[in-house]
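Novice: take this sequence and fold it.
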Amino acid sequence: MNRPKILNPNETYTFAKYAELPYERDDILADLGCTIESSRLTLPQYPDPLNLTTLHQQIQDNYQYTTISSEQARREFLIAPIISYLCKQTQQKVRVEYPITISNWLRGSLDYYYQADPNLLIIEAKRENLYSGFTQLAAELLALDQWTDSESPILHGAVTTGQIWQCGQFHRQTKHLIEDLTLYRVPEELELLIRILIHIIHH
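Specialist: Next comes the predicted model:
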């Protein structure tokens, strides 16, 4: 017997709405035709020398002198400096609050979107909950899968609170998202995180 759907076919769901639904994320994503697993990914790193002294200091200063309590503050003072550094280092533009509409179930804005064909990267900012953030990221990657002309078999995503970053890989053929079990802390593991993100964008 087929499990009844929990998503209402007559209702509109934005990407952000998926992070707020009270259901298990496996059930939500099953309705979207997507599966998810948590596994440890071995993510390649950009190998060349990097100068992160200024970025590191900027983020530390922002922690010290700013009240990082809202999602907006986290975006401006913890995430934006990293986004800017990635743009300069890779010479790639980032699209901020990039709108996508595929259907009533797949619509909304991507917080940060690098369209570095063939590699694509979405970064989703969340105030605290990475777990539900990955439900939202899965919906965004499903939409991007239908939106993009890129032929890359894998789409990349990350969810971040600003202090903690978690990466994921969406396998387009199987509609399967792998949530990396490794968490990257900023500023402690800033260089490792930057090297992974640059490799995704630049590879």
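Novice: drop to CA atoms for contacts and neighbour counts, all remaining ones
Specialist: OK.
Novice: this structure: helices as residue ranges?
Specialist: Counting by DSSP state H, the chain has helices at residues 15-18, 25-31, 53-65, 71-74, 80-90, 130-147, 190-202.
Novice: what is the first one packed up against?
Specialist: Counting by 3 or more Cα pairs under 8 Å, 6 or more residues apart in numbering; DSSP states H and E, the packing neighbours recorded for helix 15-18 are strand 107-116, helix 130-147.
Novice: adding mean pLDDT, write these out as CSV.
Specialist: Shown next, in CSV, are the helices and strands packed on helix 15-18 (pLDDT from 0 to 100):
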stretch, mean pLDDT
strand 107-116, 95
helix 130-147, 95
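Novice: any chance of the ones you listed in TSV, with mean neighbour count and distance to Ser84 too?
Specialist: TSV is the format used below for the helices and strands packed on helix 15-18 (neighbours: other Cα atoms under 10 Å; distance: least, Cα to Cα, whole Å):
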stretch	mean neighbour count	distance to Ser84
strand 107-116	19	11
helix 130-147	22	21
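Novice: looking at the helices of the chain, which is closest to Arg3?
Specialist: The closest of the helices of the chain to Arg3 is helix 25-31. By Cα to Cα, the value is 9.4 Å.
Novice: need the nearest residue in space to Glu191, chain neighbours excluded.
Specialist: Leu52 (7.2 Å; Cα to Cα, 6 or more residues apart in numbering).
Novice: that neighbour against Leu193, yeah?
Specialist: No: in this structure, Leu52 is not within contact of Leu193 by Cα atoms under 8 Å, at 11.6 Å.
Novice: ok, these two, which is more surrounded?
Specialist: Leu193 (22 against 13; other Cα atoms under 10 Å).
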